[in-house]
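> Coordinates for the following, if possible.
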Amino acid sequence: MITKLKITNSRGGEFEFGRLFRLTNGLDLSGLMAKVNFSNNSKAGSKYQNTKLENREFDIEFKMIRQNADEVQMDSNRANMYRVFNPELNPMRVDLELSDGKQYYLMANLQSTPVMPPDHANNNRAWQKALLQFIATDPYIYEKDARQVDIAKWVGAFKFPLKIPQGVGIKMGKRSNSLIVNVFNEGQNKTGMLIRFKALATVVRPAIINVDTFEELRLNYTMTQGDVIEVTTHDGNKTITLLKDNVKTNIFNAIDLNSHFLQIEPGDNLFRYEADTGVDNLEMKLTYRAKSVGV
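Got it, this is the predicted structure:
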């Protein structure tokens, strides 16, 4: 059950539903349509080819409560709704929280300004009914907070009480021995990620490999100390960017021709990192959000 709902337009204007703006029919995000494609053949029936999720369409119906017949306040509430719910300020972010405390969001486009019928059944001494109509060209629902997983990292070893023996060095940290990490996707669908390579010294041709499928993403690039390369593997948003001396450069052509823009499948995913040389000089982090077709 959805217990909290907030909508934010592209300029940061917010509208939160609550005591004075009450949902009348909840928020129904079920029934996402899909286009299932088949091909005909000489045998009975047909052969399945693929499935494509359609745009997600949904309505939000609510009542704007009229307090003490205060028409001035109602006019102010209407004006604020028009400021936030302006289709020219698409896309809009719809944030929701469930009764179990989990938080999600989806991006959607408002198809019209708020519908507020003036007849007595919809506008009376108690309330003004309103309707918002949305269409989401990205039909997925994303968890609110991104998850981060370090693969190559340094593990702190600094402990108290601290005693410094004279003439003896102190070990402040150690390199993680594992080259493999399990990335667990709690979502219902595969998802892309942000892969962040950082060089502590020279690293030649860094790569990340899916241990189960043997697919890899490798860069034909030699990183020097301080270089950071960020790779995004999201559908419709695949990028490779070098951050060097605070300057960002598109190095998409550095990807090896046999590479794949790796995805995180639902459940367990084992990834390993490597490099032709300098693997001990490499730090790597994965950032991703689980996504679902329904909550």
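> show me where pLDDT drops low in the stretch 151-295 of the chain?
Scanning the stretch 151-295 of the chain with the threshold set as pLDDT under 70 gives 152-178.
> quick one: the helices in it?
With DSSP state H, counting those that start in this stretch as the criterion, the stretch 151-295 of the chain has no helices.
> what about the strands in it?
Here the stretch 151-295 of the chain has its strands, by DSSP state E, counting those that start in this stretch, at 154-156, 173-175, 180-185, 194-199, 203-210, 216-218, 222-223, 228-234, 237-244, 247-250, 267-277, 282-288, 291-292.
> what's the answer for the stretch 1-150 of the chain, then?
Remark: strands assigned in the stretch 1-150 of the chain by DSSP E, counting those that start in this stretch are 2-8, 14-16, 21-23, 34-40, 46-53, 56-65, 92-98, 103-110, 127-136, 141-143, 147-152.
> Which one of the strands of the stretch 151-295 of the chain lies nearest to Lys35?
strand 291-292 (19.1 Å; Cβ to Cβ). Using the backbone N, CA and C atoms, a C-beta is placed for each residue, glycine as well.
> Tell me the helices and strands packed up against that closest one.
In terms of contacts (3 or more Cβ pairs under 8 Å, 6 or more residues apart in numbering; DSSP states H and E), strand 291-292 is packed against strand 141-143.
> What helices and strands are in contact with the strand it packs on?
By 3+ Cβ pairs under 8 Å, 6+ apart, strand 141-143 packs against strand 103-110, strand 291-292.
> who touches the closest residue to Asn50 other than its chain neighbours in this structure?
For Asn50, ignoring the flanking residues on the chain, the nearest one in space by Cβ to Cβ, 6 or more residues apart in numbering is Asn37 at 5.3 Å. Shown in contact with Asn37 (Cβ atoms under 8 Å, 6 or more residues apart in numbering): Tyr48, Gln49, Asn50, Thr51, Lys52.
> ok, so of those, who is nearest Leu132?
Closest to Leu132, out of all of the contacts of Asn37 and judged by Cβ to Cβ, is Lys52, at 26.3 Å.
> Based on its surroundings, how many neighbours for Leu98?
13 (other Cβ atoms under 10 Å).
> what do you get for Val204?
Counted with other Cβ under 10 Å, Val204 comes out at 16.
> Pretty sure Ser292 sits against Asn185.
No: contact criterion Cβ atoms under 8 Å: Ser292 and Asn185 do not qualify, at 10.4 Å.
> Of these two, which one has the most company?
Each of Ser292 and Asn185 has its neighbours counted (other Cβ under 10 Å); Asn185 has more, 21 against 18.
> quick one: the more buried one and Asn68, what's the gap?
Using Cβ to Cβ, to the nearest Å, Asn185 is found at 51 Å from Asn68.
> export the helices and strands packed on strand 141-143 to TSV and tack on distance to Pro91?
As requested, the helices and strands packed on strand 141-143 are exported to TSV (distance: least, Cβ to Cβ, whole Å):
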stretch	distance to Pro91
strand 103-110	5
strand 291-292	16
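> quick one: which of these is nearest Asn246?
Going by Cβ to Cβ, the one of the helices and strands packed on strand 141-143 nearest Asn246 is strand 103-110, 30.3 Å.
> Mind giving me the packing neighbours of that closest one?
Strand 103-110 packs on strand 56-65, strand 92-98, strand 127-136, strand 141-143, going by 3+ Cβ pairs under 8 Å, 6+ apart.
> Pairing partners for Ile7 in the sheet, please.
With DSSP bridges as the criterion, Ile7 is bridged to Phe15, Val94.
> OK, contacts around Leu20?
Met64, Ile65, Gln67, Asn77.
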